[in-house]
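A.B. asks: Compute the structure for the input listed below.
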Amino acid sequence: MEQMEQNSEDFKLIFEKDGVNLHTNAKRSNQDTAIPGFIRIVERAGIPALEWSPLEDKGRCAPAVLYSKKDGEGGEEDTNFDPGYEPDWAVISNVKKEREQVLVKDSGQWAFSLPLSELHSIRRTRFSLGRNFLVLTSRGGHPLPPLHFHRGGTRELLGALQRYIVLDQSPVDGRLYLAYPHDSGALSQSFDKLQLFDDGGADLVSQLKRPLCLLRASDTAQWEELQRFIHDPYATTFGGFSKVTNFFRAAIRPPDAPFNARSAQNLPFQPDDEPGFELITCGVALGPKPEVTRGTPLDKWEEFLDAEGRVKNPDRVRELVFRGGIKPSQRKEVWKFLLGFYPWSSTAQERQDIIRVKTDEYFRMKVQWKSVSEEQEMRNSLLRGYRNLIERDVNRTDRHNTFFSGNDNPGLTLLHDVLMTYCMYNFDLGYVQGMSDLLAPILFVTQNEVESFWCLTGFMELLHQNFEESQEAMKQQLNQLSILLKALDPELFDFLDSQDSGSLCFCFRWLLIWFKREFSFEDILILWEALWTRLPCENFHLLIACSILESQRGELIGSDHDFNTILKHINELTMKLDLLEIIQRAEGIYLQMIQCKELPQTVQQVLGLYVSSSSEDDSPDNSETQRLLLSQSQAGATAAPVPTYP
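C.D. replies: Below you'll find the model as predicted:
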């Protein structure tokens, strides 16, 4: 590497991107270690190179750009940014605007120019939450300081680089991308070293030395072999090197084809499991999304009970609830089954016994906290802290609903008492903000203190990990959501990732309390009862999140959004979403995914569709409803009829 010579006469600027910070200390990647700058691909005396310079060098050499980027790509930040959400609800409570200028002594010493022939690899890494870095390594094995594209643009950079080199993911390290020359002679030598082909393999590669227009049907053997290789590399090679198609894609493209930023955005993209890097590759084709319609709400509950009051067909009930919801007058009874207060096999007499036992148990726990004197509470900081949090949240939970409106509303007292009693029931977890949002709809439907408490405990069996201090469950769900979104819409995920939003942290509130603050009070009753059925797959709430993101695809990709404005836009969706459309789209996504024969195993695992051979017989999820829905969905996906609801 050598210091950049800005005054070269034989100079062509191929690509340029502002907002690229070089970090002088990878272990402390913050404002103090960041040097704002810009990155370029240039040709000096016909030799392409990748160069980075600090902003203070901007303008020293500014020839005409041969391949211009889209106007306004810089994405100016709004200094008057309003996050549009309550700060205590955000994963990132405030977003500070990054400085345009940082005065770093001798920042020019960090400028570099790396000939692309000397570029060995590009590694993606993440040194802090939400910040993606590129680390370039020369063929001499020397890594350059990490680069952070805080305004996005890595996709455009990679697209421009592929005019000169081929980038291929390492088969042993998904975060590492190796650089290869376009030269077909070197390409052939690389294949020979990898022993991907038989004795005739070199002849196949040698055909790439000829212009594509000269490969005619008259060259029958070579042409057919080349076509088979391009379209089905697994069948043509011995099947061990799936990335080989990247070599051919780059080698077949004319070397003089100009880079176009807009066309680069439309190229298919398949990142690996860890977000933070955009490489243009082929994604899995999911096929068309089947249309889905909602059914009618479950009604006439008594018709589903036998003479002793048992539910005759619980799977049928769950299916009807998932597809059409529950008539409001029937919710109070059916919810107690969905949330585990009543066993599905219980008789009417057994349910009366359950109510009697559970009522006694509830009031024993309630007496525990009500009998604590003020003096005792002063010495119990944990209980005192729980009470303060509950009193604060109760006073601002669903106050627009008549059941909780007013200062002396008995609904507020019930909300407070049930939450305090839950602290005694699960003192290790206690109370965490958001639990009042989970209880309010249950209390509204049951309008009974004891029943609402035990229904809340059933709901918390599903969500208690969301509120644990480690936040491991939330991190896992955000990662699972990333996996699903990558498979569903790689371009959308790629765009979000390029704007430092690949962690999907803006979905945190969605997943924490199951979209409680995104939909109206009445809509959330419909959504939750559908999710409580656990149909049609595991983690259907993640497909609801995918459905929302997909519905906003045009707005997100079509606008000049950055991290701040993406966060602002998502939070402003509150009460603006069409729930029925979102649910139908989510089920359509599910059907779309299960019809894909090459659905990645990671996606199957998230949706509960993948069962290892060793655990298949012991799987707890062998219900008739799951089998029926899966078979119906697969049949519908194959024959492509529109699913209908009873």
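A.B. asks: elements contacting the strand ranked longest in the chain?
C.D. replies: Once the chain is assigned using DSSP state E, the strand that runs over the most residues is strand 11-23. Secondary structure elements in contact with strand 11-23, counted by 3 or more C-beta pairs under 8 Å, 6 or more residues apart in numbering; DSSP states H and E, are strand 34-44, strand 47-54, strand 147-149, helix 154-161. (Each C-beta comes from the backbone N, C-alpha and C, glycine too.)
A.B. asks: make it 7 Å
C.D. replies: Helices and strands touching strand 11-23, as assessed by 3 or more C-beta pairs under 7 Å, 6 or more residues apart in numbering; DSSP states H and E, comprise strand 34-44, strand 147-149, helix 154-161.
A.B. asks: What pairs with the shortest one, parallel or antiparallel?
C.D. replies: It refers to strand 147-149. strand 11-23 (antiparallel), strand 131-138 (antiparallel) (DSSP bridges).
A.B. asks: Just the angle for the last one relative to strand 47-54, thanks.
C.D. replies: Put plainly, it is strand 131-138. Angle of strand 131-138 versus strand 47-54, following axes from the mean of the first three to the mean of the last three C-alpha atoms, to 10 degrees, is 140 degrees.
A.B. asks: that older thread, got the CA coordinates for the longest strand of the chain in PDB?
C.D. replies: As requested, C-alpha coordinates have been extracted for strand 11-23 and formatted as PDB (Å, rounded to 0.1, in the frame of the first residue of the first chain):
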ATOM      1  CA  PHE A  11      -6.900   9.400 -13.000                       C
ATOM      2  CA  LYS A  12     -10.500   8.100 -13.300                       C
ATOM      3  CA  LEU A  13     -13.000   8.100 -10.500                       C
ATOM      4  CA  ILE A  14     -15.300   5.000 -10.800                       C
ATOM      5  CA  PHE A  15     -17.200   5.100  -7.500                       C
ATOM      6  CA  GLU A  16     -17.400   7.400  -4.500                       C
ATOM      7  CA  LYS A  17     -19.300   7.200  -1.200                       C
ATOM      8  CA  ASP A  18     -19.300   9.700   1.700                       C
ATOM      9  CA  GLY A  19     -20.100   8.800   5.200                       C
ATOM     10  CA  VAL A  20     -17.500   6.100   5.600                       C
ATOM     11  CA  ASN A  21     -15.800   6.300   9.000                       C
ATOM     12  CA  LEU A  22     -12.400   4.600   9.600                       C
ATOM     13  CA  HIS A  23     -12.000   3.400  13.200                       C
END
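A.B. asks: Could you give me the buried positions within it?
C.D. replies: 12, 13, 14, 15, 16, 17, 18, 19, 20, 21, 22, 23 (16 or more other C-beta atoms under 10 Å).
A.B. asks: And the pLDDT for the fifth one?
C.D. replies: Among the per-residue scores, residue 16 shows a pLDDT of 91.
A.B. asks: what's the average pLDDT for the helix or strand harbouring residue 555?
C.D. replies: Assignment of secondary structure by DSSP states H and E places residue 555 within helix 553-557. Across helix 553-557, the average pLDDT comes to 92.
A.B. asks: re the thing from before, tabulate the strands paired with strand 147-149 in CSV, adding columns for distance to residue 542.
C.D. replies: As requested, the strands paired with strand 147-149 are exported to CSV (distance: least, C-beta to C-beta, whole Å):
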stretch, distance to residue 542
strand 11-23, 32
strand 131-138, 22
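A.B. asks: and of those strands, who's closest to residue 359?
C.D. replies: Comparing the strands paired with strand 147-149 against residue 359 with C-beta to C-beta, the closest turns out to be strand 131-138 (52.8 Å).
A.B. asks: you'd agree residue 308 is up against residue 346?
C.D. replies: No: contact status for residue 308 versus residue 346: not in contact, 9.4 Å apart, counting by C-beta atoms under 7 Å.
A.B. asks: between those two, which one's more packed in?
C.D. replies: residue 346 (18 against 10; other C-beta atoms under 10 Å).
A.B. asks: tell me the SS of that one?
C.D. replies: What DSSP: H, G, I helix; E, B strand; the rest coil gives for residue 346 is coil.
A.B. asks: for the stretch 251-400 of the chain, what spans make up the helices?
C.D. replies: Using DSSP state H, counting those that start in this stretch, the helices assigned to the stretch 251-400 of the chain run over residues 261-265, 314-324, 328-338, 348-370, 374-378, 381-394.
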